[in-house]
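K.L.:
Pasting the sequence and the predicted coordinates here, then a few questions.
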Amino acid sequence: MRRAIDQLQWDNAYARLGAVFYQPIRPTPLPAPYLVAFNPDAAALLDLDETAATDPRLLAAINGEIELPGTHPLATIYAGHQFGVWVPQLGDGRAILLGEAINRRHERWDVQIKGAGPTAFSRMGDGRAVLRSTIREYLGSEAMHGLGIPSTRALAIVGSNAPVYRERTETAAVLVRLAPTHVRFGTFELFASRGERTHVARLADHVIELYFPELLTLPAAERYRAWYRSVVTRTARLVAQWTASGFTHGVLNTDNMSILGITLDYGPFGWLDAYDRAFVPNHSDPDGRYAFNQQPMVGLWNCARLAEALIPLITREAALEVLEEYRRTYESEVDTLLHAKLGLVTREPVDGALISSLFDLLQATATDYTRFFRTLSRYAPGETSRREALYREVSDTAALDTWLARYAPRILRDDADPADRERQMLGTNPAFVLRTWLAEDAIRQAQAGNFERIEEIRRVLRAPFDEHADFAHFAAAPPEWARELALSCSS
Ligand code: AMP
Ligand code: MG
């Protein structure tokens with residue numbers, strides 16, 4: 001049975017941590033709000049009735065005109081390392097946690113509204129988000145989930161014609177975001193940097209109790225170490241999944257690192273079009289600190305900052321031991337994922353060289369990453385039409401032939417049923433990712449008042465391994481008009 005928006009069950013555990021962890025704050029309503037997007041998949045997570053989309057109370061609640069019974073709106077405080085530089089205090093400068101909804105399966109979902117107005121942590125900011133950035137986060141996070149990669153979720157977007165000033169004047173919007181929790185590495189860093197060890201321990205206990213309950217039976221010292229190890233493992237695996245799917249987060253500051261190892265804070269992110277290991281989606285990152293191929297290292301660096309915040313809850317020795325494992329976890333996960341992308345079921349010593357020579361080829365030929373692997377999924381040695389399909393994706397067909405001459409005997413040695421391999425690869429290599437041009441198309445249409453494209457894209461990306469014949473054009477490489485799209489931190 002579904003519930004109306006004002007019938008959700010709330011249990012605000014974060015609010016109970018006490019006032020040092022947040023500022024109680026109400027959203028500042030936007031004038032004349034309207035619903036831009038509503039995601040029934042995310043509504044189901046809250047047991048929210050689908051008719052909520054047309055319920056005026058939903059709009060009013062997201063826009064802060066009414067306070068839902070049982071909620072406890074607040075802005076969390078945190079700190080973080082931004083582009084390697086320590087920032088002693090950050091916090092939700094434009095996001096407000098309404099509360100934690102508990103669904104019938106006893107799952108806990110933070111319901112957060114992003115772009116909800118100023119808080120004590122807004123610094124110089126206006127507390128707002130623009131329609132453009134909310135559409136990118138809405139579609140990006142649902143696309144990530146569709147790929148099977150842990151992520152925050154997106155419930156809805158509410159827009160308003162109120163002007164918001166960025167590089168140019170845009171309009172305001174509020175994104176409703178869901179996550180089991182939004183606690184970040186930076187939340188721990190804040191209290192640690194102030195020497196408030198009891199707060200660090202209290203927050204760790206809160207996180208373990210609610211999100212790592214399997215560790216509760218361990219003795220305290222061991223429990224914290226096992227928890228830290230779990231966070232590091234999840235982080236390494238998450239980054240490996242990003243690597244395999246061609247995703248670059250763009251702003252991997254420690255305040256954007258989820259303590260649950262889920263993808264958090266979609267800003268100037270990007271999925272690869274042409275393969276480029278040094279891809280930097282964020283034009284505000286000229287040094288490429290957060291380039292595609294830097295993410296594994298940055299993930300480790302961020303885990304080390306978390307360790308520093310957790311000492312002495314965990315010992316320095318324990319932290320170093322866990323950090324030692326990060327690289328192995330990352331590499332073994334990537335190895336597994338890439339074997340699956342290539343349709344290899346067994347392991348051979350030649351695989352490393354086979355895989356790296358493929359990536360050299362993709363790099364040298366600027367081949368579209370997603371399209372290549374999707375097309376490779378249908379490759380079969382000796383079948384001309386399948387080979388020709390690959391020729392259409394790779395500009396240097398001679399180099400492709402050289403690589404296929406190694407790949408073909410390798411998959412034949414696997415002795416798998418070709419139909420099984422094809423099915424497995426089509427379930428691993430998506431036809432669709434949220435290409436920057438695709439998001440931009442939805443944004444431009446929305447800015448012109450047409451929100452249908454957002455829903456079309458969401459529906460395709462929730463099942464990116466299916467063909468969606470009517471939307472095959474969503475799988476295209478960037479069209480001419482989109483070649484020079486620039487993304488910045490400004491959102
Ligand atoms: P982000 O780049 O979105 O992860 O934000 C980094 C920090 O800046 C966070 O603490 C945000 O709350 C804050 N922030 C970003 N944009 C704004 C804004 N428009 N108004 C207030 N705070 C903001
Ligand atoms: Mg952030």
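P.N.:
Received the coordinates, thanks. Ligands and ions are numbered 1, 2, ... in the order given.
K.L.:
Which strands and helices lie in contact with whatever helix or strand A419 lives in?
P.N.:
Using DSSP states H and E, A419 sits in helix 418-426. Helix 418-426 sits against helix 316-342, helix 369-376, with contacts defined as 3 or more C-beta pairs under 8 Å, 6 or more residues apart in numbering; DSSP states H and E. Where you see a C-beta, it was placed from the backbone N, CA and C, and this is true even at glycine.
K.L.:
Which residues are in contact with the residue lying closest to G267 once chain neighbours are set aside?
P.N.:
Once flanking residues are discounted, G267 sits nearest to V251: 5.0 Å by C-beta to C-beta, 6 or more residues apart in numbering. For V251, the contacting residues are 265, 267-268, 282, 285, 290, 489, by C-beta atoms under 8 Å, 6 or more residues apart in numbering.
K.L.:
if we can go back for a sec, contacts for the helix holding A419, please.
P.N.:
So helix 418-426 is contacted by 340-343, 345, 373-374, 376-378, 380, 411, 414, 465 (C-beta under 8 Å, 6+ apart).
K.L.:
residues near L216, how many?
P.N.:
10 (other C-beta atoms under 10 Å).
K.L.:
Likewise for T181?
P.N.:
23.
K.L.:
tell me the SS of it?
P.N.:
coil (DSSP: H, G, I helix; E, B strand; the rest coil).
K.L.:
and it, what is it in contact with?
P.N.:
14, 108, 110, 207, 210-211, 258-260.
K.L.:
Which ones among these map onto helices?
P.N.:
Among the contacts of T181, DSSP state H puts 14, 207, 210-211 in helices.
K.L.:
in which helix or strand would I find A154?
P.N.:
strand 153-165.
K.L.:
returning to what we had before: quick check, nearest of the contacts of V251 to ligand 2?
P.N.:
D265 (4.0 Å; C-beta to the ion).
K.L.:
In this structure that closest one contacts T254, no?
P.N.:
No - in this structure, D265 is not within contact of T254 by C-beta atoms under 8 Å, at 11.3 Å.
K.L.:
Between those two, which has more neighbouring residues?
P.N.:
Neighbours were counted for D265 and for T254 using other C-beta under 10 Å; T254 has more, 28 against 23.
K.L.:
so that one makes contact with T187?
P.N.:
No - applying C-beta under 8 Å as the test, T254 and T187 come out as separate, 9.7 Å apart.
K.L.:
For the strand holding A154, list every residue counted as buried.
P.N.:
By neighbour count on 16 or more other C-beta atoms under 10 Å, the buried set for strand 153-165 is 153-160, 164.
K.L.:
ditto for stretch 469-480
P.N.:
For stretch 469-480, the neighbour count (16+ other C-beta under 10 Å) marks 471, 474-475, 477-478 as buried.
K.L.:
among the contacts of helix 418-426, who's most crowded?
P.N.:
Comparing those by number of neighbours (other C-beta under 10 Å), F373 comes first, having 27 neighbours.
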